[in-house]
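Colleague: take a look and give me a structure for this.
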Amino acid sequence: MPLFEYKGVGQNGKPVKGSIEADSAKTARQRLKGKGVYTTDIKERLVAGEKSSSKGGARGSATTKVKLRSLTLMIRQLSTLVKARIPLNEALAALVEQTEDQKLRTVLSQIKESVNEGKSLAASCKQYPKVFTPLYTSMIQVGEASGNLDLVLMRLAGFAEGQYELRNKVMGAMAYPAFMAVAGIGITIFLFAFAVPKITEVFAGSKMALPTLTVVMIGISNFMAKNWILVFASLFGSFSLFQWYVNTSKGKDWWDAVSLKIPGYGKLRRMVAVSRFARTLSTLIGSGVQLLDAIDIVKDVVDNAVIRKALIESKASISEGQTIAAPLKASGQFPPILTHMIAVGEKTGELEEMLNVVSDAYDGQVDTAITSMTRLLEPLMILIMGGVIALVALSIFMPMMQLNNLGSMPG
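Modeller: Okay, the predicted model is just below:
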């Protein structure tokens, strides 16, 4: 059912605004009038990328993206409502009313309408692939087919929350070094473009031979002072070009391979990918998704082209009758402890539990690696910035000391 935003005047004469669900604008006005609200403006809520359809067809929400935090919270709330034996259409209606994220609210409203028309929840969610990934829709489909939708949603909610926390940890670890790098570059450009030229004017009239370090610094400073806009533009352009390239298919494959070889960062990326692989595969298998289908979903969750390729090749081997552990081990992309635990899980029939153990272990290692990397990068960034400032200061003090020595010499 469409969602309408309105502005109007309440019974107390004060302006009011909000949103209401209704079949049409006319119905929305009538419902608001019944509540004592006289509307001055009303329009259907369209999320980014939507196009209104006069024929009442799909409104284009399939291209909508919502915040991961909002989606995670919604899944947890839906799992709670379904577990409480509240009918699905009523649960969705309750979520539409209380969800604060307007984009997600619109999507949920349209999913509720689809469910009311007789479609399954999984089929309704599949219409919005940017919001509900194959992992979500596959688990929901299995939950509906098995009659355990409440349990599957609880499992999915726990998985989504874990992935949200993991992503925040990684992004938080990268934020400080990125800030320090930007600050360091900015300070360096400022020193060379504005500060150093003012100080080096002192030596302009001097005929003494300046130290090599000072000559180099003055040369860099003169270039920066004349071309600081070009320098900023070049740095910004290079970063933008890099971002564009790694977002292409070829560029992403290249960066995924290179990033795994970067000292420190590569190890962290691999641990995050392994943790996601183990946790996702465990969640899917535990929810009743077939193994080959689960691997097909997992390959996109790991978000690394190198590991994805290894999973695709492993899937082909598994479909021919091999165990899971053997092709993963042969790929060389997965740590021995993972393949060993999977082999044990396959033999004992406890694959889901073993994958959870591995995922828990790697989550802990990710925390440790992030803490260690942050502790290492903080002094390293300070050392680099301090070194640049020290070189600038030395290049200035050396000729000043020579001038003092010349001034103190007897005439």
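
Colleague: show me where the stretch 1-150 of the chain has its strands.
Modeller: 3-9, 15-21, 38-44 (DSSP state E, counting those that start in this stretch).

Colleague: tell me which of those is the most buried.
Modeller: Mean neighbour count (mean count of other C-beta atoms under 10 Å) peaks for strand 3-9 among the strands of the stretch 1-150 of the chain, with a mean of 18. Just so you know, the C-beta spots here come from the backbone N, C-alpha and C atoms, and that holds for glycine as well.

Colleague: in the stretch 301-411 of the chain, where is pLDDT below threshold?
Modeller: Counting by pLDDT under 70, the ranges of the stretch 301-411 of the chain that qualify are 402-411.

Colleague: all helices in it, in order from the N-terminus.
Modeller: 305-319, 325-331, 336-348, 351-408 (DSSP state H, counting those that start in this stretch).

Colleague: check what contacts the second one and list those residues.
Modeller: Spelled out, it's helix 325-331. 310, 313-314, 317-318, 334, 336, 338-340, 342-343, 346 (C-beta atoms under 8 Å, 6 or more residues apart in numbering).

Colleague: now it: how far from the chain's centre is it?
Modeller: 29 Å (C-alpha atoms, centre = their mean, to the nearest Å).

Colleague: so for that helix, what gets flagged as buried?
Modeller: Judged by neighbour count (16 or more other C-beta atoms under 10 Å), helix 325-331 contains these buried residues: 325-329, 331.

Colleague: whichever helix or strand residue 233 is part of - what's its average pLDDT?
Modeller: Assessed by DSSP states H and E, residue 233 sits inside helix 212-246. Average pLDDT, helix 212-246: 83.

Colleague: wait, residue 15 touches residue 6, no?
Modeller: No: using C-beta atoms under 8 Å, residue 15 makes no contact with residue 6, being 11.1 Å away.

Colleague: show me what contacts the closest residue to residue 296 other than its chain neighbours?
Modeller: Leaving aside its chain neighbours, residue 296 sits nearest to residue 315 (6.7 Å; criterion: C-beta to C-beta, 6 or more residues apart in numbering). Applying C-beta under 8 Å, 6+ apart, we find residue 315 in contact with 292, 295-296, 299.

Colleague: now residue 20
Modeller: Contacts of residue 20 (C-beta under 8 Å, 6+ apart): 3-4, 6, 28, 31-32.

Colleague: dump the residues you listed to TSV, plus distance to residue 66 and pLDDT.
Modeller: What follows is those, written out as TSV (distance: C-beta to C-beta, whole Å; pLDDT from 0 to 100):
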residue	distance to residue 66	pLDDT
3	14	71
4	20	74
6	23	80
28	23	78
31	26	81
32	27	82
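
Colleague: pick the one among these closest to residue 401.
Modeller: Nearest to residue 401 among those is residue 3, at 73.3 Å by C-beta to C-beta.

Colleague: who does the closest one bridge with?
Modeller: residue 21 (DSSP bridges).

Colleague: re earlier: now the residue nearest to residue 296: how far from residue 328?
Modeller: Going from residue 315 to residue 328 by C-beta to C-beta, to the nearest Å gives 10 Å.

Colleague: tell me where the stretch 151-300 of the chain has helices.
Modeller: Under DSSP H, counting those that start in this stretch, the stretch 151-300 of the chain gives helices at 196-200, 212-246, 249-259, 265-286, 291-301.

Colleague: comparing the ones you listed, which comes out most buried?
Modeller: The most buried one of the helices of the stretch 151-300 of the chain (mean count of other C-beta under 10 Å) is helix 265-286, showing a mean of 22.

Colleague: elements contacting it?
Modeller: For helix 265-286, the packing partners by 3 or more C-beta pairs under 8 Å, 6 or more residues apart in numbering; DSSP states H and E come out as helix 134-146, helix 149-190, helix 249-259, helix 291-301, helix 305-319, helix 336-348, helix 351-408.
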